[in-house]
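Peer 1: structure for the following, please:
(chains A and B)
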Amino acid sequence: DSGVTQTPKHLITATGQRVTLRCSPRSGDLSVYWYQQSLDQGLQFLIQYYNGEERAKGNILERFSAQQFPDLHSELNLSSLELGDSALYFCASSEDGKNSPLHFGNGTRLTVT
Amino acid sequence: GQNIDQPTEMTATEGAIVQINCTYQTSGFNGLFWYQQHAGEAPTFLSYNVLDGLEEKGRFSSFLSRSKGYSYLLLKELQMKDSASYLCAVSPNDYKLSFGAGTTVTVRA
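Peer 2: Next up, the predicted model:
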C-alpha cells in the first residue's frame, strides 16, 4: 500500500460529460502529480502541485483542470469528455516534488462511451 | 523539454540477468528514477540515482552516467514475478517529471 488514495476506482460516463477524480496524498507528502496512461501508452505528465500551488504543467488539455486544496488533497476535473479521454489516471505524491520518489495511487480507470 | 529512450521489449530466462538501458536528454537534471509497473497496476518505486555510479538494492541495481545521459537497471536472478514494464523517469529543473515509454520484460521458464 503506497498510502496514496484515489477515488473512484472506475468511472464510466458518456461523451460531453464532466467528471472529477480525487486524490489524497501520502501523509507528510506536499507534492501531488497527475498522470494519464492510455492503453499501451506510457505515463503522460499532466500537472504537479506543491503545497497548494501549481508548480509545473505538462501537455494538459484546456478541458482538464486541477487543484490542490489546503489539506493537500487534489482533484482533477475533466470536462467535455471525448472517447479519446478513456484512460487510466494516476495520482502520485512525493515529499518535495523534486528529489524524492513518487508514490502512486491505484489509479482511476475512466471509460468514455 | 525531455527525451527519454528505452528499448520496447526484452525477454530473458528465469535465473538470468537482464540489463535495461535508458538514455535521456533533459533541461537540467536532479536525478533519475526507475519504476516497475505490472499490467493494470500502479508503478512502484525501485531506485533513485543522483550521482554517477552504481546503486545496489538486492537483486536490482541501477547505474547512472550524467555526462553520457545514460542509465541502466540490472535485474539479477530473474524470477517469473519480475515480468513487468520498467520505467525510467528523469527529474528536470522545470519539475515536469517525465517517464520513458517503458521496457516490457518477459521472463520465461
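Peer 1: can you map out the strands along chain B?
Peer 2: B:3-5, B:9-13, B:18-25, B:31-37, B:44-49, B:53-57, B:60-65, B:70-75, B:84-91, B:98-99, B:103-108 (DSSP state E).
Peer 1: any idea which helix or strand carries the spatially most central residue of chain A?
Peer 2: Residue closest to the average C-alpha location in chain A (CA atoms, centre = their mean): A:W34, at 3.3 Å. Secondary structure from DSSP states H and E places A:W34 in strand A:31-37.
Peer 1: what packs against the next helix or strand after that strand?
Peer 2: For strand A:31-37, the following helix or strand on the C-terminal side (DSSP H and E) is strand A:43-50. Using 3 or more CB pairs under 8 Å, 6 or more residues apart in numbering or on different chains; DSSP states H and E, the elements in contact with strand A:43-50 are strand A:31-37, strand A:53-57, strand A:64-68, strand A:74-78, strand B:98-99. The way it works is simple: take the backbone N, C-alpha and C, and place the C-beta from them, glycine included.
Peer 1: and of those, who's closest to B:D5?
Peer 2: For the helices and strands packed on strand A:43-50, the distance to B:D5 is smallest for strand B:98-99, at 11.8 Å, taking CB to CB.
Peer 1: follow-up on the earlier one: does the strand holding A:W34 reach chain B?
Peer 2: Yes. Looking at strand A:31-37 against chain B by CB under 8 Å from any CB of the partner chain, the contacts come from A:Y33, A:Y35.
Peer 1: next, the contact list for the closest residue to A:Q44 other than its chain neighbours, please.
Peer 2: In space, and not counting its chain neighbours, A:Q44 is closest to A:Q36: 4.7 Å by CB to CB, 6 or more residues apart in numbering or on different chains. By CB atoms under 8 Å, 6 or more residues apart in numbering or on different chains, the residues touching A:Q36 are A:L43, A:Q44, A:L46, A:A87, A:L88, A:Y89, A:F90.
Peer 1: against A:S2, how distant is A:Q36?
Peer 2: Taking CB to CB, to the nearest Å as the criterion, A:Q36 is separated from A:S2 by 18 Å.
Peer 1: near chain A, which residues of chain B?
Peer 2: Applying CB under 8 Å from any CB, we find that chain B lies next to chain A at B:30-31, B:33, B:35, B:40-45, B:48, B:50, B:87, B:89, B:91, B:94-102.
Peer 1: on that earlier part again, most packed of the helices and strands packed on strand A:43-50?
Peer 2: Among those, judged by mean count of other CB atoms under 10 Å in any protein chain shown, the one packed with the most neighbours on average is strand A:31-37 (a mean of 25).
Peer 1: strand A:53-57 and that one, what's the angle between them?
Peer 2: With axes from the mean of the first three to the mean of the last three CA atoms, to 10 degrees as the criterion, the two stretches strand A:31-37 and strand A:53-57 enclose an angle of 40 degrees.
Peer 1: appreciated, that's everything.
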